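Dropping a prediction and its sequence here:
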Amino acid sequence: MKQTILVTGGTGFIGSHTTVELQQAGYDVVIIDNLSNSNANVVDGIEKITGIRPAFEQVDLNDYAATEAVFKKYQIKGCIHFAASKAVGESVEKPLLYYRNNLNSLMNVLELMTKYGSKGIIFSSSCTVYGQPTPENLPVTEQAPIQKALSPYGNTKQVNEEIIEDYIHSGAPIKSIILRYFNPIGAHPSAHIGELPNGVPMNLIPFVTQTAIGIRKQLKIFGNDYNTPDKTCIRDYIYVVDLAKAHVKAMQRVLEQETDPVEVFNIGTGHGYSTLEIVESFERATGVKLPWEYAPRREGDIEAIWGNVDKANKVLGWSADTPLDEILSSAWKWQVKLREDGIQ
Ligand code: UD1
């Protein structure tokens, strides 16, 4: 008998890749998404890859009654909670929208999981909770102090971690694994699913691929006066397919093993690459020349961060090993496919 996993935000970038990996690992998947930042045809892309169409419920998790109807309809064993508003800049302009969406939706899910007997929740958190680590503390471990978030978006990740901990420690009969991602990038190698940002991309890789295909004129590298070897920022770029696989490992662990009620894992590669190295790797991997120039620092950017992922390697038995060039090729293949399909 297959177990059913609810994936909230399952038509989004990480949610869709995770749905594929869950199906390939033998789970049934039910997606809830309000399509506020994604498209229903992502479900077709998932089906093309796996040959299995996940159940899809267009529901806003803030709508308690509609969410409860989904819990009534399916026997949900576990939940992976991605659904959230995620634009850092927008969260500064509309903090209440972010707090309402991101906090309420988690609370509704937790309450309904308890009411309907679901056992485990994997929560999508972010390395943003570490703020700017001091260089001697790099790579950051899960024990690194949580620092005050720079944006309401970042704060919702911190508060949601606390909501999960407080709720489970109050005796709720569910367990959780909190995954703190570094920078997820790339697309499925089939190019049936990938990242589809709204408007001008804020994140580096969609901006790179859109520039390479001619939608944007030039990439601006924000800051060349950082205290790093080539003076540009450093991040831990993790392939979205590797990241998706970490969720399957976490779900198997939370459902099948005796564990602490709440566990936290960094999910990254353990290596940092500079923005300039990303540009070089992209050009090498694709053979496409990328127009770029240096621009002033972007406000709120941290200088350098990459993760210590020993705990995920040892305890989850997971590691991210896709080479950077291959990851950037997948992002390019996806961008080319969007062009062919007349989407971008
Ligand atoms: C951002 C979010 C983070 C979120 C993550 C998801 C902020 C402050 N943080 O991280 O909360 O979890 O996305 O992936 O927004 N860069 C350029 N030119 C560009 C775009 C980016 O040089 O046009 C540089 C940035 O300065 C940064 C690096 O590329 O050094 C990565 O940027 P980005 O993809 O936006 O991710 P983060 O800012 O690390």
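Nice, thanks for sending it over.

Can you give me the pLDDT of residue 1?
The per-residue pLDDT reported for residue 1 equals 86.

Ok, residue 84 next?
97.

and the residue nearest to it when sequence neighbours are not counted, what element?
Computed as Cβ to Cβ, 6 or more residues apart in numbering, the closest residue to residue 84 that is not its neighbour in sequence is residue 102, at 4.6 Å. C-beta here means a position set from N, CA and C on the backbone, and glycine is covered the same way. Per DSSP states H and E, residue 102 falls inside helix 95-115.

show me what contacts the residue in the stretch 151-300 of the chain that the ligand sits nearest to?
The ligand sits closest to residue 233 of the stretch 151-300 of the chain, with a gap of 3.0 Å, by Cβ to the nearest ligand atom. Going by Cβ atoms under 8 Å, 6 or more residues apart in numbering, residue 233 touches 222-223, 226, 274-275, 301-304.

now, which of the residues you listed lie within strands?
Using DSSP state E, the members of the contacts of residue 233 that fall in strands are 222, 274.

Just give me the closest of the contacts of residue 233 to residue 180.
residue 302 (14.5 Å; Cβ to Cβ).

burial measure for the closest one, as a count.
16 (other Cβ atoms under 10 Å).

Up against the ligand, what does the chain have?
88, 126, 128, 154, 183-184, 202-204, 207, 219-222, 233, 235, 275, 298, 300-301 (Cβ under 6 Å from any ligand atom).

how about 5 Å then?
For the chain, the residues in contact with the ligand (Cβ under 5 Å from any ligand atom) are 88, 126, 128, 183, 203-204, 207, 221-222, 233, 235, 275, 298, 300-301.

Pull the number of nearby residues for residue 105.
Residue 105 has 24 neighbouring residues, counting by other Cβ under 10 Å.

from what I can see it touches residue 83, true?
Yes: between residue 105 and residue 83 there is a contact at 5.7 Å, judged by Cβ atoms under 8 Å.

shared neighbours, these two?
Joint contacts of residue 105 and residue 83 (Cβ under 8 Å, 6+ apart) are 8, 61.

elements contacting the helix or strand of the chain at the bottom of the mean pLDDT ranking?
When the helices and strands of the chain are scored by mean pLDDT, DSSP states H and E, helix 88-93 comes last with a mean of 92. The elements that helix 88-93 packs onto, with contact taken as 3 or more Cβ pairs under 8 Å, 6 or more residues apart in numbering; DSSP states H and E, are helix 95-115, helix 152-169.

can you list those in CSV and add mean pLDDT?
Formatted as CSV, these follow (pLDDT from 0 to 100):
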stretch, mean pLDDT
helix 95-115, 98
helix 152-169, 97
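
Pipe those helices into TSV and attach distance to residue 254 per row.
Below are the helices and strands packed on helix 88-93 laid out as TSV (distance: least, Cβ to Cβ, whole Å):
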stretch	distance to residue 254
helix 95-115	12
helix 152-169	11
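
where in the chain is pLDDT low?
The chain contains no residues with pLDDT under 70.

ok so, going back, and the residue nearest to residue 84, what is it in contact with?
84-85, 153, 156, 160.

Just among those, which is most surrounded?
Neighbour max across the contacts of residue 102 (other Cβ under 10 Å) = residue 156, 26 neighbours.

Okay, that residue and residue 225: tell me how far apart.
31 Å (Cβ to Cβ, to the nearest Å).

What of residue 121?
Distance of residue 121 to residue 225, given as Cβ to Cβ: 42 Å.
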